[in-house]
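Engineer: fold the following for me, if possible:
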Amino acid sequence: MVKSKVFILQKQFEGLPKPGDLKLVEEELPPLKDGEFLVEAVYLSVDPYMRAYAPNLPLGIPFIGSQVGIIKESKNPKFPVGKYVVGMFGWRSHSVANGESNNWASLPTYILPDFGKLSTSLGLGVLGMPGNTAYFGFLEICKPKAGETVVVSGAAGAVGNHVGQIAKIKGCKVIGIAGSDDKGKWLVDDLKFDHFINYKTQDVDKALKELAPEGIDCYFDNVGGEISTTVMNNMNTFGRVSVCGSISGYNDRTSKASVVQFAIVMKQLKVEGFIVSRWNDRWSEGIQQNLAWINEGKLKYKETVTEGFENMFNAFVEMLQGANFGKAVVKA
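Structural biologist: Okay, the predicted model is just below:
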């Protein structure tokens, strides 16, 4: 019998998740049936959406999330032993799966493409779900044009920094909003964002008026709240807003931003939310394009790696507090 370490959702989060909300247990996995395979986790993901989805999860289940694992045993010819696989297997050290995409997020389970000399961990970041979130969510909804001004909130996170780089590839002026000067230096010096705003130390409205006197054409929204209201109030007529997340409200449901509808109406903004599974039928397209940009030197990435499966919870909370540069992953 194979034993798996599993983080179980024991208590609903109130504000920032606390150690007692999840419980680390050990369970025995059943023998494989025809069509199934056994996965051993190699890298596991921690992402903001986990906090957003948590209130709707039943207690007593393994906590949700994706991982890159290696197939240790298989009774499914499409998933052979020794291959790396990406799937929504949750916070588990070992999983039995069948390759069907019937997970809670409706995201695909698939054999990891060949990344050459690049780390398999990128299958959870720039060459995985966050990378496709940036690729499709920005290009399909904002439809940026060369010369336009793009603002990205949560700009130093896994999705935000990627969106800003795609905007530069497309010939746009890019302003990133994040919460530390170190992150700002990385965005401007390394990723070639045009400008950076530290929302903790600067007046965002004043800074936007100084940095984008011509107005803002596209806004990629990862945070929601007052920052997003401020950005939309500085947008041009017929501006486009891609709403990816609202991390500012995940741990504090009591905060209230100023009314944004006035800006939406008066500036005739297009505001559209999305879930990346909308583009499941084009999943490999996003991965291959992002891989090509990396190989061409047009797309850079950074990972914040936490060692040890038992440290999943700490990595999760630190990510929610903004401690990560780029994608936060855990090495099992």
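Engineer: not counting its own residues, what contacts the least confident helix or strand in the chain by mean pLDDT?
Structural biologist: Within the chain, no helix or strand scores below helix 48-53, which has a mean of 91 by mean pLDDT, DSSP states H and E. With contact meaning Cβ atoms under 8 Å, 6 or more residues apart in numbering, helix 48-53 is reached by 13, 17, 63-65, 104, 157, 222, 245-247, 250-251, 316, 319-320. (Glycine included, C-beta is placed from N, CA and C.)
Engineer: of those residues, grab the buried ones for ChimeraX.
Structural biologist: Buried residues among these (16 or more other Cβ atoms under 10 Å), as a ChimeraX selection:
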select :13,17,63,64,65,157,222,245,246,247,250,251,316,319,320
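Engineer: from the contacts of helix 48-53, which one has the minimum pLDDT?
Structural biologist: Within these, the minimum per-residue pLDDT falls on Asn251 (63).
Engineer: wait, a helix at Val188?
Structural biologist: Yes: counting by DSSP: H, G, I helix; E, B strand; the rest coil, Val188 is found in a helix.
Engineer: not counting its neighbours along the chain, what's nearest it?
Structural biologist: Counting by Cβ to Cβ, 6 or more residues apart in numbering, Val188 lies nearest to Phe196, which is 5.3 Å off, once chain neighbours are set aside.
Engineer: just Asn324 next, same as before
Structural biologist: Once flanking residues are discounted, Asn324 sits nearest to Thr304: 3.9 Å by Cβ to Cβ, 6+ apart.
Engineer: can you check Phe313 too?
Structural biologist: Phe313's closest residue in space is Leu22 (Cβ to Cβ, 6+ apart), at 5.6 Å.
Engineer: now that neighbour: phi and psi?
Structural biologist: The phi/psi pair for Leu22 (degrees, to the nearest 10) reads phi -120, psi 140.
Engineer: for it, give me its contacts.
Structural biologist: Phe7, Ile8, Leu9, Gln10, Phe63, Trp91, Phe313.
Engineer: low-confidence stretches in the stretch 151-300 of the chain?
Structural biologist: Per-residue confidence for the stretch 151-300 of the chain (pLDDT under 70) gives these ranges: 248-256.
Engineer: now do the strands in it.
Structural biologist: For the stretch 151-300 of the chain, the strands defined by DSSP state E, counting those that start in this stretch occupy 173-178, 195-198, 216-221, 235-243, 270-273.
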